[in-house]
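A.B. asks: sequence and computational prediction follow.
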Amino acid sequence: MYDQETIDPPTVLDALLNDTRALGFTMACELQTGSFLRSLAASKPKGNFLEIGTGTGVGTAWLLAGMDADSRLVTVDIDAAAANIAKRHLGHDSRVTFHIMDGAEFLQSSARGQFDLVYADAWPGKFSDLDSALSLLKIGGFYFVDDLLPQASWPAGHAPRVPALIAQLTRRPGFVSTALAWSSGLMLLVRTND
């Protein structure tokens, strides 16, 4: 089986990737990761989803592709130039709400136990404010991170933090975890109790 041959990307993906390259943004969601995100979103009908790190909206597009008509997505990024690309291509979809703000501030001000999925694709919710991000999940909710395998596009300080993050997530009480050495390096946690 060749996993990249079976991926059916959202129709908006080419336009998003063109604008992503034009901006010089190098941390967009990979095809395999996006396909996995779409499946996770599809598993939660009437779901309430959070993406920390909108970027240019590539991951956002995959989440929207998996969501049903009654699901909602909140996506947060501090980089207005990148997030405006996402808003231009995806803002017509009433299921998504964009917040241009610091992810840590968003996490710290949000109510506990409200999301079925938290996709932490930025520093906040992954390398900082992890407790806040995990507290937002409902029982049975997914916490999902990518970019755990070495990549040339990693920003300074990313590499030394990955092993500690994986160790924290693996030992986390109240969660079941699975690490995947696939795509950009993925980890999925499921909340089992409070």
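C.D. replies: Sure, I can see it.

A.B. asks: when you work out contacts or count neighbours from here on, use the C-alpha atoms and nothing else.
C.D. replies: Will do.

A.B. asks: need the longest strand for this protein.
C.D. replies: Assignment by DSSP state E gives strand 137-145 as the longest strand of the chain.

A.B. asks: tell me the bridge partners for the residue nearest the centre of the chain.
C.D. replies: In the chain, the C-alpha nearest the mean C-alpha coordinate belongs to Y119, at 2.9 Å (C-alpha atoms, centre = their mean). Beta bridges link Y119 to E51, F144 when assigned by DSSP bridges.

A.B. asks: wait, doesn't it sit right on G141?
C.D. replies: No - if you go by C-alpha atoms under 8 Å, Y119 and G141 don't touch, sitting 10.9 Å apart.

A.B. asks: helices along the protein, start to end?
C.D. replies: Listed in chain order, the helices of the chain (DSSP state H) span 13-23, 31-42, 58-66, 80-90, 103-109, 130-135, 162-170.

A.B. asks: so what touches the fifth one?
C.D. replies: Helix 103-109 is contacted by residues I52, G53, V76, D77, I78, A122, P124, G125, S128, D129, S132, A133 when judged by C-alpha atoms under 8 Å, 6 or more residues apart in numbering.

A.B. asks: swap the cut-off to 7 Å and go again
C.D. replies: I52, V76, D77, I78, P124, D129, S132, A133 (C-alpha atoms under 7 Å, 6 or more residues apart in numbering).

A.B. asks: can I get those residues in JSON lines with pLDDT?
C.D. replies: As requested, the contacts of helix 103-109 are exported to JSON lines (pLDDT from 0 to 100):
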{"residue": "I52", "pLDDT": "98"}
{"residue": "V76", "pLDDT": "98"}
{"residue": "D77", "pLDDT": "97"}
{"residue": "I78", "pLDDT": "97"}
{"residue": "P124", "pLDDT": "95"}
{"residue": "D129", "pLDDT": "96"}
{"residue": "S132", "pLDDT": "97"}
{"residue": "A133", "pLDDT": "98"}
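
A.B. asks: residue contacts, the closest residue to N193 other than its chain neighbours?
C.D. replies: Leaving aside its chain neighbours, N193 sits nearest to G174 (5.1 Å; criterion: C-alpha to C-alpha, 6 or more residues apart in numbering). Residues near G174 by C-alpha under 7 Å, 6+ apart: R191, T192, N193, D194.
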